[in-house]
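A.B. asks: What would the 3D arrangement of this be:
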Amino acid sequence: DGKVIVWDDALTKKRTIDLTTVRDFLITNPRVRAVSESKDGKKIVIGTRSSNIIEVEASGAMRCVNNGHFDKELWGLAVIPRSEEFITCGEDSLLAKWNLKDRRLVKSAKLPYMATTCDVSKDCRYVAVGCKNGFTLIFDVNNFTEVKQITDRKAEISVVKFSPDCKLLAVGGNDSKVRLYSTNGFKFTKLLSGNSSRVTHLDWSLDSSVVMTNSSGYEILFYDAIKGEQNTSGASAYRDEKWDNWTCVLGWPVQGIFPAYSDGTDVNTCCRTADCSMIATVDDFGKVNLYKYPSYMPKAAHSSFVGHSSHVTNVVFSANEDYAITTGGNDKAIIQWKFRNHSKLQNSEEEEDQPVDVSGFDANEFASKTNVVDKNDGQVVAPKPEEGPIDLGDGFIEEDLGEGDQRMAVLPFLGEVKNSVPSK
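C.D. replies: Here you go, the predicted model:
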């Protein structure tokens, strides 16, 4: 019931601490999970169901020493430009603003719906929050005052992204559609269709004229944001396009980010540095990975880091790129990683470092080397690798385990990847 009762040795009630009446800070769920008293009896520490740790003085004064997400999964993560703050939102209906330097909660708000994704406009005015019920909520980034509720969809919102010029908001959902809204009143402007399944990732071109999407059907589609039309030749037309960021997991620059034994869905998202030299990825194996950018060769050299206890759902770089920030799905943890952008990654023992120069890249040669065959029906499939152990000649037998389900997966995006090789 959110109450802690203090008794003396004679079992006489001394006082009651009622967490349901606290107004100085947000306690989403005041149910008590743990209680501890200091040795001198002057302080009591209380842990709540909503990940609050509250310190109570003998005088009755309270302060919250720890906050966090607490229920279901945590996916929403966005950095506030030109600041040391970032925002998270989760299926626990909590919207939170955090300070990187102080490593503390700055502000929080209880959302009316479960949230899945968020983004902050580059002018630092708005934060958009996508919800599981299909609504998109717009808040003032400073005080979390609600500006607008966009309620024209019923399918879960999977991605929200403001355009670099801050004039448009792109909202992708499980209904396979992307809707564009003007930030002047957040009115609907364009419908981007063509994906066959859930929109998973979305990126804007640097000039805010092009939208690129990935879907759960392994599609890479390109749209003219001004006309609101799909460009079916977008892979080649935009091969030299400058992108504001790169978070799509499918595309020419990120072919090397999928680990062996991956089924193509294990990499949840990625984030590129501003100087286009490095890209971080997070996956279902609980790892945070760092690659050179572009990472266009299979089995690219990389560094991996562990800290989360379950799948890692999101990653962003801080505004000054001193840190990388990641969120965990089941552990609902937010981890802040110190980031040093070295110009060269150390080669792994098993993988050779690949040059970034793409002038000699041949798409057909790449397809043959990776055992990818382009069928007449337009589908691209990977044939079954040769079976049988490999004799290393020294008494050891190395068995080729292939590359998991991804080796047998249909890869409809490979044609787009081939056509999007940069011209220089």
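
A.B. asks: So, low pLDDT: which residues of the stretch 251-400 of the chain?
C.D. replies: 342-400 (pLDDT under 70).

A.B. asks: Repeat the analysis, applying 80 as the threshold.
C.D. replies: By pLDDT under 80, the weakly predicted segments of the stretch 251-400 of the chain are 260-264, 341-400.

A.B. asks: which residue ranges form the strands in it?
C.D. replies: Secondary structure of the stretch 251-400 of the chain, counting by DSSP state E, counting those that start in this stretch: strands at 267-272, 278-283, 287-292, 302-306, 312-317, 323-328, 334-338, 373-374, 380-381, 389-391, 397-399.

A.B. asks: Export only the CA atoms of the second one, formatted as CSV.
C.D. replies: It refers to strand 278-283. Taking C-alpha atoms only, strand 278-283 is exported to CSV below (Å, rounded to 0.1, in the frame of the first residue of the first chain):
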residue,chain,number,x,y,z
MET,A,278,32.7,4.7,-36.3
ILE,A,279,29.4,3.0,-35.8
ALA,A,280,28.0,1.4,-32.6
THR,A,281,25.6,-1.5,-32.7
VAL,A,282,23.6,-3.4,-30.0
ASP,A,283,22.2,-6.9,-30.3
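
A.B. asks: tell me what it is packed against?
C.D. replies: Contacting strand 278-283 under the criterion 3 or more CB pairs under 8 Å, 6 or more residues apart in numbering; DSSP states H and E are the following elements: strand 267-272, strand 287-292, strand 312-317. For the C-beta atoms, the positions are set from N, CA and C on the backbone; glycine is no exception.

A.B. asks: what about the residue lying closest to Gly194 once chain neighbours are set aside, distance to Thr213?
C.D. replies: Spatial nearest neighbour of Gly194, chain neighbours left out: Gln230 (4.5 Å); criterion: CB to CB, 6 or more residues apart in numbering. Look at Gln230 and Thr213: by CB to CB, to the nearest Å, they are 10 Å apart.

A.B. asks: Overlap in contacts, these two.
C.D. replies: Common neighbours of Gln230 and Thr213 (criterion: CB atoms under 8 Å, 6 or more residues apart in numbering): Leu192, Leu221, Tyr223.

A.B. asks: Enumerate every residue touching the second one.
C.D. replies: The reference is to Leu221. Contacts of Leu221 by CB under 8 Å, 6+ apart are Gly194, Asn195, Met212, Thr213, Ser215, Gln230, Gly234.

A.B. asks: residues in contact with stretch 92-112?
C.D. replies: Outside stretch 92-112, the residues that touch it by CB under 8 Å, 6+ apart are 26, 28, 50, 64, 67, 69-72, 74, 80, 84-89, 113-115, 118, 127, 129, 131, 137, 139, 143-144, 318, 322-323, 325, 332, 334, 336.

A.B. asks: let's see it at 6 Å
C.D. replies: Residues outside stretch 92-112 that contact it (CB atoms under 6 Å, 6 or more residues apart in numbering): 26, 28, 67, 69-72, 84-89, 114, 144, 318, 323.

A.B. asks: taking the mean pLDDT, what do you get for that stretch?
C.D. replies: Regarding stretch 92-112, the rounded mean pLDDT is 95.

A.B. asks: for stretch 181-195, same thing?
C.D. replies: 97.

A.B. asks: and what of stretch 62-79?
C.D. replies: Mean pLDDT, computed over stretch 62-79, is 95.

A.B. asks: Can you measure across that stretch, start residue to end residue?
C.D. replies: The first and last residues of stretch 62-79 sit 30 Å apart, counting by CA to CA, to the nearest Å.

A.B. asks: Check stretch 47-54 too.
C.D. replies: Distance between the two ends of stretch 47-54: 6 Å, counting by CA to CA.

A.B. asks: go on, stretch 138-152?
C.D. replies: One end of stretch 138-152 to the other measures 14 Å (CA to CA).

A.B. asks: Show me the helices in the chain, by range?
C.D. replies: Taking DSSP state H as the criterion, the chain carries its helices at 234-237, 363-369, 414-419.

A.B. asks: on that earlier part again, pick out whichever of Gln230 and Thr213 has more residues nearby.
C.D. replies: Taking neighbours as other CB atoms under 10 Å, Gln230 and Thr213 compare with Thr213 leading, 25 against 17.

A.B. asks: Can you give me the distance of the more buried one to Val160?
C.D. replies: Distance, Thr213 to Val160, using CB to CB: 13 Å.

A.B. asks: Phe285 too?
C.D. replies: Distance of Phe285 to Val160, computed by CB to CB: 27 Å.

A.B. asks: When the two are compared, which one has more neighbours?
C.D. replies: Per other CB under 10 Å, whichever of Phe285 and Val160 has more neighbours is Val160, with 27 against 17.

A.B. asks: wait, isn't the more buried one in contact with Gly130?
C.D. replies: Yes: counting by CB atoms under 6 Å, Val160 touches Gly130, with 4.7 Å between them.

A.B. asks: Neighbours of the residue nearest to Gly47 when sequence neighbours are not counted, how many?
C.D. replies: In space, Gly47 comes closest to Ala34 once its chain neighbours are excluded; the distance is 3.8 Å by CB to CB, 6+ apart. Using other CB under 10 Å, Ala34 is surrounded by 9 other residues.

A.B. asks: start the count at 454, not 1, going forward
C.D. replies: All set: I'll call the first residue 454, so the last point we hit is now Ala487.

A.B. asks: Thought Thr501 was touching Ala487, still the case?
C.D. replies: No: counting by CB under 6 Å, Ala487 stays clear of Thr501, with 8.7 Å between them.

A.B. asks: pLDDT score assigned to the nearest residue to Glu510 once chain neighbours are set aside?
C.D. replies: Once flanking residues are discounted, Glu510 sits nearest to Lys496: 6.2 Å by CB to CB, 6+ apart. pLDDT, Lys496: 93.
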